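K.L.:
below are the sequence and a predicted model for it; my questions follow.
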Amino acid sequence: MLLAIDTSAGTSVAVVDRDGGVLSERSVADTRRHAEVIGRLIEECLAEADVTRASLSGVAAGMGPGPFTGLRVGIAAARVFALGLGKPLVPVVSHDAIAFSRFSHVDQLSAADARQAPGLLVVTDARRREVYWSAYSGQDEDGLPVRTDGPALSRPAALDEQSFGHAGLLRLDAATVPAGALGMVAELTFAAGHPFPADEPLYLRSPDVTLSAGPKRVSS
């Protein structure tokens, strides 16, 4: 059983179980109040699922892509929560959760038919007139999304000029990342024995402020 947290877009928290599915989920679309709402959402999800902290086996964290300010709040919260529990942090690419949710609910198809659904281009807002994107060909035999390209950062016009639309990919512009789907991706990845992504935030953009290479010279 996992607590799942994602703040790459809005703020989303969920408690999931591999067999029981999504036990509880809370989301706030506001992209500027991550730090203010995340604690409340965690408490509400644990209470609704009737789950104690001790019964959690780990914490799944959405690693982005996402803007620096928002993304770091969720990752930091997940790391601190996992550390306090003495349980592992499970990193998940946030776009994978969006793709998983889409592939799992395409017209309520069976798992076999869903694997035959058209590929998907997941697009999220990167601000500064840019977008993050990832391309998926479908699901594997374990029900996990198969990412064929990305995550990457592009200008909208540059993305439109690429060949994704001609390759039969359905474009999905997502405003939120469902923590429930994020947690299920983590559960299924572990159950299938697949490797997890690196425990590194996917900012995909250089920070606004960087440290200088050396001390500043002062002339008299």
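P.N.:
Done, it's in.
K.L.:
what is the least confident helix or strand in the protein?
P.N.:
helix 111-114 (a mean of 53; mean pLDDT, DSSP states H and E).
K.L.:
any idea how far L182 is from the residue nearest in space to the middle of the chain?
P.N.:
Centroid-nearest residue in the chain: S94, 1.7 Å away (criterion: Cα atoms, centre = their mean). Applying Cβ to Cβ, to the nearest Å, the value for S94 to L182 is 7 Å. Every C-beta, even on glycine, is put in place using the N, C-alpha and C of the backbone.
K.L.:
and for V37?
P.N.:
Noted for V37: a distance of 17 Å to L182, by Cβ to Cβ.
K.L.:
the two: who's more crowded?
P.N.:
Legend: neighbour count by other Cβ atoms under 10 Å for V37 and L182, higher for L182 (33 against 19).
K.L.:
how near is the more buried one to V22?
P.N.:
Distance from L182 to V22, counting by Cβ to Cβ: 10 Å.
K.L.:
ok, A157 next?
P.N.:
In terms of Cβ to Cβ, A157 sits 37 Å off from V22.
K.L.:
between the two, which has more neighbouring residues?
P.N.:
Between A157 and V22, counted using other Cβ under 10 Å, V22 has the larger neighbour count: 18 against 8.
K.L.:
surely the more buried one is within a helix?
P.N.:
No: counting by DSSP: H, G, I helix; E, B strand; the rest coil, V22 is not part of a helix but strand.
K.L.:
hmm, L3 and it touching each other?
P.N.:
No: in this structure V22 lies outside contact range of L3 using Cβ atoms under 8 Å: 11.9 Å.
K.L.:
so what's in contact with these two at the same time?
P.N.:
Counting by Cβ atoms under 8 Å, 6 or more residues apart in numbering, the contacts common to V22 and L3 are A14, V15, G183.
K.L.:
nearest to P201 among those?
P.N.:
Minimum distance to P201 across the shared contacts of V22 and L3 is 18.4 Å, recorded for G183 (Cβ to Cβ).
K.L.:
pretty sure the closest one contacts S12?
P.N.:
No: contact criterion Cβ under 8 Å: G183 and S12 do not qualify, at 10.0 Å.
K.L.:
joint contacts of the two?
P.N.:
With Cβ under 8 Å, 6+ apart as the test, G183 and S12 both reach A4.
K.L.:
between the two, who's got more neighbours?
P.N.:
When neighbours are counted by other Cβ under 10 Å, G183 and S12 differ, and G183 comes out ahead with 33 against 29.
K.L.:
need the helices for the chain, in chain order.
P.N.:
Using DSSP state H, the helices of the chain run over residues 34-49, 68-85, 94-104, 111-114, 156-161, 179-192.
K.L.:
C-alpha coordinates for the first one, PDB please?
P.N.:
Spelled out, that is helix 34-49. Output of helix 34-49 as PDB, limited to C-alpha atoms (Å, rounded to 0.1, in the frame of the first residue of the first chain):
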ATOM      1  CA  HIS A  34       1.200  23.300  -3.200                       C
ATOM      2  CA  ALA A  35       2.800  23.900   0.200                       C
ATOM      3  CA  GLU A  36      -0.400  25.200   1.700                       C
ATOM      4  CA  VAL A  37      -2.600  22.300   0.800                       C
ATOM      5  CA  ILE A  38      -0.400  19.200   0.600                       C
ATOM      6  CA  GLY A  39      -0.400  18.400   4.300                       C
ATOM      7  CA  ARG A  40      -4.200  18.600   4.500                       C
ATOM      8  CA  LEU A  41      -4.600  16.400   1.500                       C
ATOM      9  CA  ILE A  42      -2.400  13.800   2.900                       C
ATOM     10  CA  GLU A  43      -4.300  13.700   6.200                       C
ATOM     11  CA  GLU A  44      -7.700  13.500   4.400                       C
ATOM     12  CA  CYS A  45      -6.500  10.700   2.100                       C
ATOM     13  CA  LEU A  46      -5.200   8.600   5.000                       C
ATOM     14  CA  ALA A  47      -8.400   9.200   7.000                       C
ATOM     15  CA  GLU A  48     -10.700   8.300   4.100                       C
ATOM     16  CA  ALA A  49      -8.800   5.200   3.300                       C
END
